[in-house]
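when you get a sec, could you give me coordinates for this:
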Amino acid sequence: MKKKLGKKVVSVAVVTAMAAIMLAGCGSASEEVAEVEQVELEGTIAEEPVAKADTTGTEKATAPYLTKGVYANYSAEAENPPKDYFYVFSDDNYGYTDDAGSGVSLPFDCTQEAGAITFYFGGSGESIEKFIVTDVKNGIVYGYFEGVEDRELVFELMADADPVGFNAQNYKSDGEYVYNDANGWSIKYDPKRFDITQEGNKVAIVYNGEGVGTNMVLVTYDVEHNGKEMRDEIAKGYGENATKYDAIFPGTEDVEGFWAICPPAEDGSGLYMTSISRDYMGGSLTFELTGHNTGDDEVDMEVSDSMAMIIDSLTFTN
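As a prediction, this is how the structure comes out:
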């Protein structure tokens, strides 16, 4: 299998899949005419073929061999391959790899010409590897990378995979999804319970299950303030009921976090809020948890536990 290098790259703008890489061939330009014999049946005459020219055959596809779409890449000799390593083509000449096992991804540029696909991993002018195309059958591209001629690989189009925002771990997942942010952090979530939207420097992770009011985690990357400044500003908005303290930031072992908590008022709407900020990439990264208690302990516990699991799953790319 192709080397798995690099770190996770997300928010890649890719477009809809196209599954057309095999061109149907035709037979010889001059066809042999079959001999026929006439058979008389109840006053009618039918033609019965005695021999027929073989016009079957296929024509080898030409470049580009891989177009917009998601392709599983695996050994041609493998029996029941797991299909967990993918090349996601945004267009004929660029895309990214995605490994469902490790979550590691790497962007690439490529050029496609007769009999070969040249990959520039990490961008044009970086690591260059040439894939020699040996055959195209039933929509599957066969070949090998130069230097490992004895290891035949295939590229198989995954017709059910959408290249727009494709994530290999989510594609192979039977329940829990991963959201990887371009700013170097990721969380795990249940797509049946949460909807995720990203706009500018904010990511909203909204709980869509049973509950009242807004229940969500809002993540903000701010370049104007450090972690402590963000926490203090948010605490002001919480009002006099806010509590501030410092503790380790979730998903880390030694990064200082700045916390602000506002518990629900006894006679209010059940609103409660928690904010956690840290210094991050010349600014700050803040996770704001907003929830509403319904008065039903079972429902409220489900909501708060689900949002807490989002925070607990937080990891960072080194």
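
give me the low-pLDDT residue ranges for the protein?
Across the chain, the ranges flagged by pLDDT under 70 are 1-60, 123-125, 318.

how is it carved up into domains?
Structural domains annotated on the chain: 1-24+54-172, 175-316, as defined by automatic domain parsing.

I figured residue 96 hits residue 104, correct?
No. Using C-beta atoms under 8 Å as the test, residue 96 is too far from residue 104 to be in contact (10.5 Å). Where C-beta positions appear, they are placed from N, C-alpha and C, glycine not excepted.

which one's more surrounded, those two?
More crowded of residue 96 and residue 104, by other C-beta atoms under 10 Å: residue 96, with 22 against 18.

count of neighbours near the nearest residue to that one once chain neighbours are set aside?
The shortest distance from residue 96 to any non-neighbouring residue, by C-beta to C-beta, 6 or more residues apart in numbering, is to residue 107 (4.6 Å). Per other C-beta under 10 Å, the neighbour tally for residue 107 reads 18.

against residue 88, how distant is residue 107?
10 Å (C-beta to C-beta, to the nearest Å).

residue 232 too?
42 Å.

and those two? which has more neighbours close in?
Applying other C-beta under 10 Å to residue 232 and residue 88 shows that residue 88 carries more neighbours, namely 28 against 15.

these two touch, right, that one and residue 99?
No. With contact defined as C-beta under 8 Å, residue 88 and residue 99 do not form a contacting pair (11.4 Å).

check which helix or strand residue 304 maps to.
Applying DSSP states H and E as the criterion places residue 304 in helix 297-312.

pull the CA atoms of that helix into CSV?
Below are the C-alpha coordinates for helix 297-312, written out as CSV (Å, rounded to 0.1, in the frame of the first residue of the first chain):
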residue,chain,number,x,y,z
ASP,A,297,-33.6,14.5,35.1
GLU,A,298,-33.3,11.7,32.5
VAL,A,299,-33.6,14.1,29.6
ASP,A,300,-31.3,16.7,31.1
MET,A,301,-28.6,14.1,32.0
GLU,A,302,-28.7,12.8,28.4
VAL,A,303,-28.1,16.3,27.0
SER,A,304,-25.4,17.3,29.4
ASP,A,305,-23.6,13.9,29.1
SER,A,306,-23.7,14.1,25.3
MET,A,307,-22.2,17.6,25.2
ALA,A,308,-19.6,16.6,27.8
MET,A,309,-18.5,13.7,25.6
ILE,A,310,-17.8,16.2,22.8
ILE,A,311,-15.4,18.1,25.1
ASP,A,312,-13.9,14.9,26.4
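
next SSE downstream of it?
Using DSSP H and E, the helix or strand that follows helix 297-312 in sequence is strand 315-316.

surely residue 295 forms part of a strand?
No. Counting by DSSP: H, G, I helix; E, B strand; the rest coil, residue 295 falls outside a strand, being coil.

excluding covalently adjacent residues, which one is nearest to it?
Spatially, and ignoring its direct neighbours in sequence, residue 295 is nearest to residue 270 (7.1 Å; C-beta to C-beta, 6+ apart).

hmm, that neighbour is touching residue 290, no?
No. Look at residue 270 against residue 290 with C-beta under 8 Å: they stay out of range, at 11.3 Å.

between those two, tell me which one has more neighbours.
Applying other C-beta under 10 Å to residue 270 and residue 290 shows that residue 290 carries more neighbours, namely 19 against 16.

what is the neighbour count of residue 302?
Based on other C-beta under 10 Å, the number of other residues close to residue 302 is 16.

verify the stated contact: it with residue 209.
Yes. Here residue 302 reaches residue 209: they are 6.9 Å apart, a contact under C-beta under 8 Å.

and residue 159, backbone torsions?
Backbone geometry at residue 159, expressed as degrees, to the nearest 10, gives phi -60, psi -20.

can you pull out the residues in contact with the host helix or strand of residue 230?
Secondary structure assigned from DSSP H and E places residue 230 in helix 227-238. Here helix 227-238 makes contact (C-beta atoms under 8 Å, 6 or more residues apart in numbering) with 220, 222, 225, 242, 244, 256-260, 262, 273, 275-280, 284-286, 288.
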